[in-house]
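*Asks:* heads up, no residue letters with this:
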């Protein structure tokens with residue numbers, strides 16, 4: 001749960017607690033109310049009345065945790081209160097409970113619960129008003145019962161409407177995420193296609209050289225064959241990744257449209273927007289780590305003071321270099337989009353086991369609005385995750401305790417160095 005979501009949940013729980021205490025206090029007042037208004041009033045022991053008042057109001061404080069149980073307890077208490085002439089309002093506590101049942105419970109449980117609630121509430125009010133201590137004629141009792149039924153049914157209906165709207169929003173977000181995955185995979189596949197094509201061209205050239213000098217220069221032929229061996233292995237690895245990307249439709253989307261396993265996202269973890277990747281998408285040279293300086297210059301124009309620290313990347317295979325560049329590009333784009341002007345530190349380090357990528361920013365200045373400048377990019381966190389998973393790596397992103405945002409990626413080497 002993100003800090004913002006946790007704060008929102010706490011606020012709602014405090015509101016429920018305040019409502020629960022208020023309802024309890026109101027019903028405690030009903031218990032002590034006399035017959036000054038000419039209506040039937042409670043004449044039993046005070047402690048019994050206060051117990052009923054607590055059963056009516058206090059369960060509302062936990063209605064978000066156990067909606068059905070809360071509605072059942074509140075209805076039982078209200079029905080008892082009606083028969084004892086305590087109730088003087090149209091079952092507001094039951095309305096609060098019914099709203100959460102409509103919002104949080106599936107139809108197979110919430111519809112039967114509503115039917116039971118309406119029957120119990122309407123019957124209890126009618127009995128209390130027209131049979132136990134008649135204060136109304138039968139039609140007047142029917143009118144009071146109808147008002148109570150309207151409050152409970154209307155509250156339940158409002159909950160169902162909100163539930164439906166949230167479900168529609170979730171479906172739209174899932175479709176957007178699926179489209180973003182498809183577009184990002186298309187871009188990855190195009191880049192890998194360019195890399196594989198380059199490697200195959202190199203293989204063809206070196207094969208021709210080896211055939212030409214095989215008799216006159218055996219050592220030169222062996223060197224050419226060595227390059228062919230290394231290049232073909234790299235091309236095969238990139239081809240496998242391309243096929244994995246194209247076959248893995250929806251592999252990283254959860255049932256709710258989220259990105260799935262691994263990452264924790266903060267409040268500013270927007271998927272972002274990017275350039276079109278359809279048939280008319282612009283084509284150009286595949287970028288690699290050599291483009292980081294230009295990326296830093298562009299980010300500086302947007303107000304981001306960016307510092308790069310790159311170590312141990314010499315000899316990385318072309319596909320790995322492209323992946324590292326794209327991940328850094330997406331991370332820096334998110335910094336510019338959500339935090340500029342700010343300071344950002346990018347660290348790329350590779351050793352014999354893995355490539356480590358860390359992008360950390362200090363967050364936007366206090367009171368500063370959202371940045372209006374954007375760099376060219378793909379789909380933000382989604383794109384970074386896709387590329388990390390393609391290499392069997394790990395991806396984490398989220399807000400920092402001291403402020404700002406951090407992205408951390410680990411990619412295993414697995415032969416991604418050229419020898």
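*Replies:* Received, thanks. None of these values were measured; they are calculated from a predicted model.
*Asks:* I figured residue 93 was touching residue 74, is that so?
*Replies:* Yes: the pair residue 93 and residue 74 passes the contact test of Cβ atoms under 8 Å, sitting 4.8 Å apart. No exception for glycine: its C-beta is placed from N, CA and C like everyone else's.
*Asks:* Please state the offset of the helix ranked longest in the chain from the chain centre?
*Replies:* Taking DSSP state H as the criterion, the chain has its longest helix at helix 138-213. Here the centre of mass of C-alpha atoms in helix 138-213, compared against the chain's by Cα atoms, centre = their mean, to the nearest Å, lies 11 Å away.
*Asks:* and it, what's its mean pLDDT?
*Replies:* Helix 138-213 shows an average pLDDT of 80 in the prediction.
*Asks:* looking at this, residue 363 is in a strand?
*Replies:* No: Residue 363 is assigned coil when assessed by DSSP: H, G, I helix; E, B strand; the rest coil, not a strand.
*Asks:* got a list of what the residue lying closest to it once chain neighbours are set aside touches?
*Replies:* By the measure of Cβ to Cβ, 6 or more residues apart in numbering, the closest residue to residue 363 outside its immediate chain neighbours is residue 404, 3.8 Å from it. The neighbourhood of residue 404, defined by Cβ atoms under 8 Å, 6 or more residues apart in numbering, consists of 339, 342, 360-363.
*Asks:* can you map out the strands along the chain?
*Replies:* 304-311, 342-350, 354-361, 394-399, 405-412 (DSSP state E).
*Asks:* The last one: partners in the sheet, and parallel or antiparallel?
*Replies:* Under the criterion DSSP bridges, strand 405-412 sits next to strand 354-361 (antiparallel), strand 394-399 (antiparallel) in its sheet.
*Asks:* buried stuff in that strand?
*Replies:* Neighbour-count burial for strand 405-412, counted by 16 or more other Cβ atoms under 10 Å, picks out 405-411.
*Asks:* again, but for the first one
*Replies:* Within strand 304-311, the residues that count as buried by 16+ other Cβ under 10 Å are 304, 306, 308.
*Asks:* Pull up the per-residue confidence for the first one.
*Replies:* Think residue 304. pLDDT, the model's per-residue confidence, is 84 for residue 304.
*Asks:* which one is it nearest to, not counting chain neighbours?
*Replies:* Counting by Cβ to Cβ, 6+ apart, the nearest residue to residue 304 once its immediate chain neighbours are dropped is residue 340, at 4.7 Å.
*Asks:* any idea how far the residue nearest to residue 363 lies from residue 333?
*Replies:* Applying Cβ to Cβ, to the nearest Å, the value for residue 404 to residue 333 is 16 Å.
*Asks:* and what of residue 67?
*Replies:* Distance of residue 67 to residue 333, given as Cβ to Cβ: 42 Å.
*Asks:* ok, now residue 84?
*Replies:* Here the criterion is Cβ to Cβ. By it, residue 84 lies 66 Å from residue 333.
*Asks:* Looking at the two, which has the bigger crowd around it?
*Replies:* Each of residue 84 and residue 333 has its neighbours counted (other Cβ atoms under 10 Å); residue 333 has more, 24 against 20.
*Asks:* isn't residue 304 right up against residue 344?
*Replies:* Yes: with contact defined as Cβ under 8 Å, residue 304 counts as touching residue 344 (5.4 Å).
*Asks:* residues near the residue lying closest to residue 323 once chain neighbours are set aside, how many?
*Replies:* Of all residues not flanking residue 323 in the chain, residue 387 sits nearest, at 5.1 Å (Cβ to Cβ, 6+ apart). When neighbours are defined as other Cβ under 10 Å, residue 387 has 26 of them.
*Asks:* try residue 338
*Replies:* Residue 338 has 21 neighbouring residues, counting by other Cβ under 10 Å.
*Asks:* Quickly note the distance from it to residue 347.
*Replies:* Distance from residue 338 to residue 347, counting by Cβ to Cβ: 20 Å.
*Asks:* My guess is the residue nearest to residue 323 contacts residue 326. True?
*Replies:* Yes: counting by Cβ under 8 Å, a contact exists between residue 387 and residue 326, whose distance comes to 5.9 Å.
*Asks:* now the helices for the stretch 251-400 of the chain?
*Replies:* Taking DSSP state H, counting those that start in this stretch as the test, the helices found in the stretch 251-400 of the chain are 292-301, 318-338, 380-390.
*Asks:* Tell me which of those helices lies nearest to residue 160.
*Replies:* Comparing the helices of the stretch 251-400 of the chain by their distance to residue 160 (Cβ to Cβ), the top pick is helix 380-390, with 31.8 Å.
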